[in-house]
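Peer 1: fold the following and give me the result.
(2 chains)
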Number of protein chains: 2
Amino acid sequence: MIDKKVRPILEMNAFDKQCPQSDSVARRIANSGASSVLFYRDPIEMVSAEGAWMTDIKGIRYLDFYNNVPCIGHSHPAVLEAVSKQIGTLNTNTRYIVPIVDEYLEALKSTFPEALNLTNIVLTCSGSEANDLAMRLACKHTQGTGFIVTESAYHGNTAFVTQVSPSALKNTKLPDHVIAIPPPAKKYYGEEVGQGFANQVKAAIDQLNQRGIKVAALLLDSVFSSDGVFTEPYGLLNKAIEVVHQAGGLYIADEVQPGFARTGTAFWGFQNHHVSPDIVTLGKPMGNGFPMAGVVTKSEYLDAFCADVGYFNTFGGNPVAAAAGLAVLKEIQVNNLQENARVLGDYLKQQLQAIAEVSPHISEVRGSGLFIGIDVCDSSSAQKPDAEFTVKMIDRLRDENILIGAAGPDGSTLKLRPTLCLTKEEADYFIQAFAKVLGL
Amino acid sequence: MIDKKVRPILEMNAFDKQCPQSDSVARRIANSGASSVLFYRDPIEMVSAEGAWMTDIKGIRYLDFYNNVPCIGHSHPAVLEAVSKQIGTLNTNTRYIVPIVDEYLEALKSTFPEALNLTNIVLTCSGSEANDLAMRLACKHTQGTGFIVTESAYHGNTAFVTQVSPSALKNTKLPDHVIAIPPPAKKYYGEEVGQGFANQVKAAIDQLNQRGIKVAALLLDSVFSSDGVFTEPYGLLNKAIEVVHQAGGLYIADEVQPGFARTGTAFWGFQNHHVSPDIVTLGKPMGNGFPMAGVVTKSEYLDAFCADVGYFNTFGGNPVAAAAGLAVLKEIQVNNLQENARVLGDYLKQQLQAIAEVSPHISEVRGSGLFIGIDVCDSSSAQKPDAEFTVKMIDRLRDENILIGAAGPDGSTLKLRPTLCLTKEEADYFIQAFAKVLGL
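Peer 2: Numbers count the residues shown, from 1 in each chain, chains lettered A, B, ... in the order given. Take a look at the predicted model:
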């Protein structure tokens, strides 16, 4: 299944440029051209958002089950206050000492188990920049250039990171130094998922070696979100990581999507698997929408890398980002949002599984906390994924005032990522709408 | 002079980790390790900033002649207001239409001459991301992979962009697909700078061809800031760009440093040379410190690129960035900051040239508007650049409450980039301090 063609993730539920265009859509396309990546055939013009809800120009309110960036809730007053205070006081770069930056770095470090020895953090602007740097740290340390990723993985948008993001590629093949393998799921490996996945990693390392390439890292999104959300059973990654370590490669945990308490059972997705990453990358929800991301690493990797190449990030580690980041960490802690994610995630899964039992369109419900994947199938067979019907469901859910997206190699998995401050009432609102669009 | 060793720009005036460390410096190094890039042997702990001034923890106020990011002034109320209003209302991504984003894109487009046909903008988080994408657009369009840059150029920090940033490299050589040539200055090419530079570009294209590599682009910072600031004579780039176009390559204008009115005589640095870039990249001052950047391009390049690769930037083009960007554009326009940059830049240059005539330590003063380079030499000869004395001057100017940095292949050019809202009094404050540290 290596190098299998996957459906580009940006094409899922995207606006079709051949469709009739409203004035505002035509305006966007005139401004951004082919890089316009609007959702829905009839894209939504948004004007405001609060908590779990977004409001469009017609006054329609949508329950946001798509956007994982505003993790503590849209337009959150704690972030507004922190950003306003800091941006009116001092916004500069890491060439000077600014206490709030170190306060943030220390608060962030304290979320990682000390035993991991991940003592250094480099703050960047985006998850793409974080993965770009993490991959280079791995190359320098291992003197290898090979990467192993999953077959629908998305790790970012720089030239280097796009090479390890099969789901971003349309007409281009993976380069020789990248091997894509199926994500660790029973449907690909049978009951012994962990062993099967480890065997596939081993085969990938051998294939790289045959090409004369040494493995630098196994780079994994801890919840395999673009692959369709595979989180359980916990502990299934151990063997694969052992294999890559034996070959001299590193394990990079991409926490851009799973991180910051979303899985409910842990603050970081990799913790669910009881594994020890060599490097961790962070992003999306880190500043609740303020552009910021980071690389958490052992100091030795950074020492070796920085001896060769100077790394400086003008906006990375600015005090406004630190203020936003601190507000997010505090809000998660004070309001126990990790526990909320666990409780409401379990509730949602339970309700969705009950729906799956009676609907011929839903073959499986998976996930951890508020990161849930729902496989949509043809009503004739649970074995036939139905990407077309998935888009129909996304459209019908929009008509029910719910925002949701798709993932997986063919786009037939609905991906749920509501804000971590979701309420039981909002979860019920979603469930009712979901049952309705399935005709239940 | 191709592949000549240049002094890594991050090492100029950097904190020496072997020096005695204050608690706050030790704390930063414990948090950021080898990626700590603090300025000064005894780094400054900053607490606030306003207008052209920054204040440290001891209450010492520094006139900021270093930081070009806060272009309309530190902690500017217009940016505070715009960011606060928008971040409390809606902060989302470009998958939805948000009117303020298109308002910004249109305002930004209106700063480019229509004849250039640069109709599409992709907003990113950093200048690095912008150059990374611009380079890929050039590769796709030309089917080439070769790049020509100047020998102390810095274009960003991603893996791909670091390859074209000689001044970021310490122990690594430029890859085969990158040729570095001296910047267009009399000291390298004699009186016929434009022709000499064009000849060097031609030689670089030939050298790439000999390596079996087709040129993708000539990538130039329009003021050659890292090379030591070379802005005049205006018009000197025409011939070089003709040469690269004849070879089927593109010309990418990197406006991350010169853009947004800093040169005084034009809004964009390339306009001073009356040339037509195929792609323009923007960054640093764009949001006065809010992390944002962009690629301005002909739509055909984006069409071709996006047919192969999906490009989406989670934080790029968020409405908060658009609000900050609009505030910056408006402030520059309403307060005529371009004209202020021209007038005060001319004044500073005139005063500095008068100092150069009497000081044996200053061999040349160059620049446009508020982007000025001052060559520091050994007092025995104007032909002997003196990097060591340059660092001494930076330290002495700090003692006079002025922040300033260095550039150039050996770090012997002082680089002046004060805020565009600088006053005559502040310019005089700088001149007096500058004369004083030279013993005048």
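
Peer 1: would A:Asp395 count as being in a helix?
Peer 2: Yes - secondary structure assignment places A:Asp395 in a helix (DSSP: H, G, I helix; E, B strand; the rest coil).

Peer 1: and the helices in the stretch 51-200 of chain A?
Peer 2: A:77-87, A:99-109, A:127-142, A:159-162, A:186-189, A:193-210 (DSSP state H, counting those that start in this stretch).

Peer 1: quick one: closest of these to B:Pro99.
Peer 2: Nearest of these to B:Pro99, taken as CB to CB: helix A:77-87 at 20.4 Å. For every residue, glycine as well, the C-beta is placed using N, CA and C.

Peer 1: can you give me the strands in the stretch 301-440 of chain A?
Peer 2: Taking DSSP state E, counting those that start in this stretch as the test, the strands found in the stretch 301-440 of chain A are A:362-368, A:371-376, A:402-403, A:405-407, A:413-416.

Peer 1: tabulate those strands (JSON lines), appending distance to chain B and mean neighbour count.
Peer 2: Formatted as JSON lines, the strands of the stretch 301-440 of chain A follow (distance: least, CB to the nearest CB, whole Å; neighbours: other CB atoms under 10 Å in any protein chain shown):
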{"stretch": "strand A:362-368", "distance to chain B": "21", "mean neighbour count": "22"}
{"stretch": "strand A:371-376", "distance to chain B": "16", "mean neighbour count": "25"}
{"stretch": "strand A:402-403", "distance to chain B": "9", "mean neighbour count": "22"}
{"stretch": "strand A:405-407", "distance to chain B": "9", "mean neighbour count": "24"}
{"stretch": "strand A:413-416", "distance to chain B": "13", "mean neighbour count": "26"}
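
Peer 1: kindly reformat those as CSV containing mean pLDDT.
Peer 2: Below are the strands of the stretch 301-440 of chain A laid out as CSV (pLDDT from 0 to 100):
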stretch, mean pLDDT
strand A:362-368, 97
strand A:371-376, 98
strand A:402-403, 98
strand A:405-407, 96
strand A:413-416, 98
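
Peer 1: hang on, the earlier thing: would you mind finding the most buried of the helices of the stretch 51-200 of chain A?
Peer 2: helix A:127-142 (a mean of 27; mean count of other CB atoms under 10 Å in any protein chain shown).

Peer 1: with just CA atoms, put that one into PDB.
Peer 2: Provided in PDB are the C-alpha atoms of helix A:127-142 (Å, rounded to 0.1, in the frame of the first residue of the first chain):
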ATOM      1  CA  GLY A 127       3.200  24.100  12.600                       C
ATOM      2  CA  SER A 128       4.800  24.000   9.200                       C
ATOM      3  CA  GLU A 129       7.800  25.900  10.400                       C
ATOM      4  CA  ALA A 130       7.900  23.700  13.500                       C
ATOM      5  CA  ASN A 131       7.900  20.500  11.500                       C
ATOM      6  CA  ASP A 132      10.400  21.900   9.000                       C
ATOM      7  CA  LEU A 133      12.900  22.600  11.800                       C
ATOM      8  CA  ALA A 134      12.200  19.300  13.600                       C
ATOM      9  CA  MET A 135      12.900  17.300  10.500                       C
ATOM     10  CA  ARG A 136      16.200  19.200  10.100                       C
ATOM     11  CA  LEU A 137      17.200  18.500  13.700                       C
ATOM     12  CA  ALA A 138      16.500  14.800  13.000                       C
ATOM     13  CA  CYS A 139      18.600  14.800   9.800                       C
ATOM     14  CA  LYS A 140      21.500  16.500  11.500                       C
ATOM     15  CA  HIS A 141      21.500  14.200  14.500                       C
ATOM     16  CA  THR A 142      21.100  10.900  12.600                       C
END
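
Peer 1: orientation of that helix relative to helix B:127-142 in degrees?
Peer 2: Going by axes from the mean of the first three to the mean of the last three CA atoms, to 10 degrees, helix A:127-142 is angled at 90 degrees with respect to helix B:127-142.

Peer 1: from the chain's centre, how far out does stretch A:214-234 sit?
Peer 2: Centre-to-centre, stretch A:214-234 and its host chain are 10 Å apart (CA atoms, centre = their mean, to the nearest Å).

Peer 1: thought A:Phe290 was touching A:Val79, still the case?
Peer 2: Yes - using CB atoms under 8 Å, A:Val79 makes contact with A:Phe290 at a distance of 6.9 Å.

Peer 1: of the strands of the stretch 301-440 of chain A, which approaches B:Val37 most closely?
Peer 2: For the strands of the stretch 301-440 of chain A, the distance to B:Val37 is smallest for strand A:371-376, at 35.4 Å, taking CB to CB.

Peer 1: tell me which residues are up against that closest one.
Peer 2: A:68, A:223, A:225, A:228-231, A:257-258, A:262-263, A:345, A:348-349, A:352, A:356, A:361-367, A:385-387, A:389-390, A:393, A:407-408, A:412-417 (CB atoms under 8 Å, 6 or more residues apart in numbering or on different chains).

Peer 1: spell out the secondary structure type for A:Asp16.
Peer 2: Under three-state DSSP, A:Asp16 comes out as coil.

Peer 1: possible to save the helices of the stretch 51-200 of chain A as TSV with distance to B:Leu10?
Peer 2: Putting these into TSV (distance: least, CB to CB, whole Å) gives the following:
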stretch	distance to B:Leu10
helix A:77-87	25
helix A:99-109	18
helix A:127-142	15
helix A:159-162	20
helix A:186-189	45
helix A:193-210	33
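
Peer 1: confidence-wise, which of those is weakest overall?
Peer 2: Across the helices of the stretch 51-200 of chain A, helix A:186-189 has the smallest mean pLDDT, namely a mean of 94.

Peer 1: quick check, distance from that helix to the centre of its chain.
Peer 2: Distance, stretch centre to chain centre, for helix A:186-189: 22 Å (CA atoms, centre = their mean).

Peer 1: repeat that for stretch A:147-166.
Peer 2: Distance, stretch centre to chain centre, for stretch A:147-166: 13 Å (CA atoms, centre = their mean).

Peer 1: any bit of it sitting next to chain B?
Peer 2: Yes - for stretch A:147-166, a contact with chain B is found by CB under 8 Å from any CB of the partner chain, at A:Asn157, A:Thr158, A:Ala159, A:Phe160, A:Thr162.

Peer 1: among those residues, which two are most distant?
Peer 2: Greatest spacing in these, by CB to CB: A:Asn157 and A:Phe160 (10.1 Å).

Peer 1: what about the helices in the stretch 201-350 of chain A?
Peer 2: A:238-246, A:299-308, A:319-334, A:337-358.

Peer 1: need the winner for burial among those.
Peer 2: helix A:319-334 (a mean of 23).

Peer 1: spell out which parts of the stretch 301-440 of chain A neighbour chain B.
Peer 2: Contacts of the stretch 301-440 of chain A with chain B, taken as CB under 8 Å from any CB, map to A:302-303, A:305-318, A:320-321.

Peer 1: recalculate using a threshold of 10 Å.
Peer 2: The stretch 301-440 of chain A comes close to chain B at residues A:301-321, A:324, A:403, A:405, as judged by CB under 10 Å from any CB of the partner chain.

Peer 1: got the contact list for A:Val69?
Peer 2: Neighbouring residues of A:Val69 by CB atoms under 10 Å, 6 or more residues apart in numbering or on different chains: A:283-291, A:417, A:419, B:91-93, B:314-315, B:318.

Peer 1: so what's the spatially most central residue of chain A scoring on pLDDT?
Peer 2: By CA atoms, centre = their mean, chain A has its centre lying nearest to A:Gln257, at 2.4 Å. You'll see A:Gln257 listed with a pLDDT of 97.

Peer 1: need the nearest residue in space to it, chain neighbours excluded.
Peer 2: Nearest in space to A:Gln257, with sequence neighbours left out and distances taken as CB to CB, 6 or more residues apart in numbering or on different chains, is A:Ser225 at 4.6 Å.
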